[in-house]
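> sharing a model prediction with you, sequence too.
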Amino acid sequence: MKFKSSDLRKWSRIIHRDLSFFFSGMVLIYAISGIVMNHRDTINPNFSIERKTYKIAETLPGKSEMTKEKVLALLAPFGEEEHYTKHYFPQTDVMKVFLKGGSNLVVDVRTGDAVYESLTRRPLIGAMTRLHYNPGQWWTYFADIFAVGLIIITVSGIVMLKGKKGLIGRGGVELVAGIVIPLIFLFFF
């Protein structure tokens, strides 16, 4: 039996289609989380951070008189009393209170100025970006299979079309452009 180029294109379409459907979820996960990770300086992919500034009207005790009970009273308006872990004074008049989950409260005990910073996990985007950091050995295997699948999808896509739209025509120009542009950024930026 003789193998024809039309057979190669036929099998390329089948492989390309099936692997594309199989890996489409991963492509979307990596694309969306990749966009978020590219903008980490403006978007925290793991946490949503909300800052509230306010003024404490009452007179606050200094470092030596500040007790855990007094700190818990400061946390009451935020409902964070049960999340208290510890407090300390990084400066003479500034107290920092650490809370479970990463939230915190910073209070200038002299002026009463306070900043409450609330951290909440981003459930979907945080989980998606976690995959970029390789969360475990099991993921390494799947990520390697995904990478091989992308190579197969790419090669099957390259040989699938013939003529002016294929590798010899427009497809070849697009292939070269898709290689040259990342190389320009790699070497010149």
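Nice, I can see it. Numbering: from 1, shown residues only.

> and the longest helix for the chain?
For the chain, the helix with the greatest residue count under DSSP state H is helix 5-38.

> mean confidence for stretch 124-144?
Mean pLDDT, computed over stretch 124-144, is 89.

> now find how far off-centre that stretch is within its chain.
Distance of stretch 124-144 from the chain centroid (CA atoms, centre = their mean, to the nearest Å) equals 11 Å.

> which residues does that stretch contact?
By CB atoms under 8 Å, 6 or more residues apart in numbering, the list of residues contacting stretch 124-144 from outside reads 29-30, 32-34, 36-37, 45-47. C-betas here are computed from N, CA, C, even on glycine.

> which of these are buried, as a PyMOL select command?
Only the buried members of the contacts of stretch 124-144 enter the following PyMOL selection, criterion being 16 or more other CB atoms under 10 Å:
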select buried, resi 29+30+33+36+37+45
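
> rewinding a little: what's the longest helix of the chain packed up against?
helix 123-130, helix 137-160 (3 or more CB pairs under 8 Å, 6 or more residues apart in numbering; DSSP states H and E).

> figure out which of the ones you listed is closest to residue 113.
Distance to residue 113, taken as CB to CB, is lowest for helix 123-130 among those, at 31.2 Å.

> chain center to that closest one: distance?
6 Å.

> send me that helix as PDB with only the CA atoms.
C-alpha atoms of helix 123-130 as PDB (Å, rounded to 0.1, in the frame of the first residue of the first chain):
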ATOM      1  CA  PRO A 123     -11.000  31.100  43.800                       C
ATOM      2  CA  LEU A 124     -11.100  30.600  40.000                       C
ATOM      3  CA  ILE A 125      -8.200  32.800  38.700                       C
ATOM      4  CA  GLY A 126      -6.000  31.800  41.700                       C
ATOM      5  CA  ALA A 127      -6.500  28.100  41.000                       C
ATOM      6  CA  MET A 128      -5.800  28.700  37.300                       C
ATOM      7  CA  THR A 129      -2.500  30.500  37.900                       C
ATOM      8  CA  ARG A 130      -1.500  27.900  40.500                       C
END
